[in-house]
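> I'll drop the sequence and a predicted model, then ask my questions.
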Amino acid sequence: MKTSIQLFSATLVLLLATTGCDRLESTVSGKLISQSTCKSSKGESYNAGTPDDQSCAVYSYDGATKKLSVTHINAGFNCCPGKLKCIVALTGNTLEITERETSAMCSCNCLFDLKIEAEGINPQIYTIKFNEPYCGGQEKLEFTVDLESNPLGSFCVTRKQYPWGMTGE
């Protein structure tokens, strides 16, 4: 009898620990929707109006569908990255977007534009934080948004370390 009560108590504690405060956060999902090709160092394929020394996030939020669309303009990767992917995770009010490549087969880096969608996003204040493989010690692409009052916006950081800022535009 005592063993049954202990087993029941342990199961109940485990169940509460796994379904507690983080339960709502598990409803958030996100993925990479599309990507540009490797942008040339000559500048002809850079996003109009966004110089190559800028890393920018342009976002739009649809409250009816609870969908957040974010385009990361000038994300740095290897020129031959294999498959690119983004992992979207919500912890508290921080939405982390971790960018990854499956390989680094070339001896060069270049910039890409990534379109990412996250679903299950409630209209509130978030810190959006990008984890980028080639950012190094440069300023991080991280900003705070209030999706209820500002469903559209953008944020940029200046970067001068390769592969950013190579065209001199």
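Structure's in. What do you need?

> ramachandran coordinates for residue 87?
phi -110, psi 120 (degrees, to the nearest 10).

> that one reaches residue 98, doesn't it?
Yes: between residue 87 and residue 98 there is a contact under CB atoms under 8 Å: 4.4 Å. C-betas here are computed from N, CA, C, even on glycine.

> any idea which helix or strand comes after the helix or strand bottoming out on mean pLDDT in the chain?
The weakest-scoring helix or strand in the chain, judged by mean pLDDT, DSSP states H and E, is helix 2-19 (a mean of 46). Moving toward the C-terminus from helix 2-19, the next helix or strand (DSSP states H and E) is strand 29-35.

> what is that next one packed up against?
strand 84-91, strand 109-119 (3 or more CB pairs under 8 Å, 6 or more residues apart in numbering; DSSP states H and E).

> how about it: buried residues?
30, 32, 35 (16 or more other CB atoms under 10 Å).

> parallel or antiparallel, list what pairs with it.
strand 109-119 (antiparallel) (DSSP bridges).

> and the angle for the strand it pairs with with strand 84-91?
50 degrees (axes from the mean of the first three to the mean of the last three CA atoms, to 10 degrees).

> export strand 109-119 as CSV, just CAs?
The C-alpha trace of strand 109-119 is given here as CSV (Å, rounded to 0.1, in the frame of the first residue of the first chain):
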residue,chain,number,x,y,z
ASN,A,109,30.3,33.0,-46.6
CYS,A,110,27.4,35.1,-48.0
LEU,A,111,24.1,36.6,-47.1
PHE,A,112,20.6,35.2,-47.4
ASP,A,113,17.1,36.4,-46.8
LEU,A,114,15.0,34.0,-44.7
LYS,A,115,11.2,34.1,-44.3
ILE,A,116,10.1,32.5,-41.0
GLU,A,117,6.6,31.9,-39.7
ALA,A,118,5.6,31.3,-36.1
GLU,A,119,2.1,30.2,-35.1
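
> so what's residue 130 closest to, chain neighbours aside?
residue 141 (4.2 Å; CB to CB, 6 or more residues apart in numbering).

> pLDDT weak spots in this protein?
1-26, 40-48, 168-169 (pLDDT under 70).

> next up, the contacts around the one residue sitting closest to the centre of the chain.
The residue lying closest to the centre of the chain (CA atoms, centre = their mean) is residue 97, at 2.3 Å. Neighbouring residues of residue 97 by CB atoms under 8 Å, 6 or more residues apart in numbering: 30, 70, 72, 86-88, 116, 128-131.
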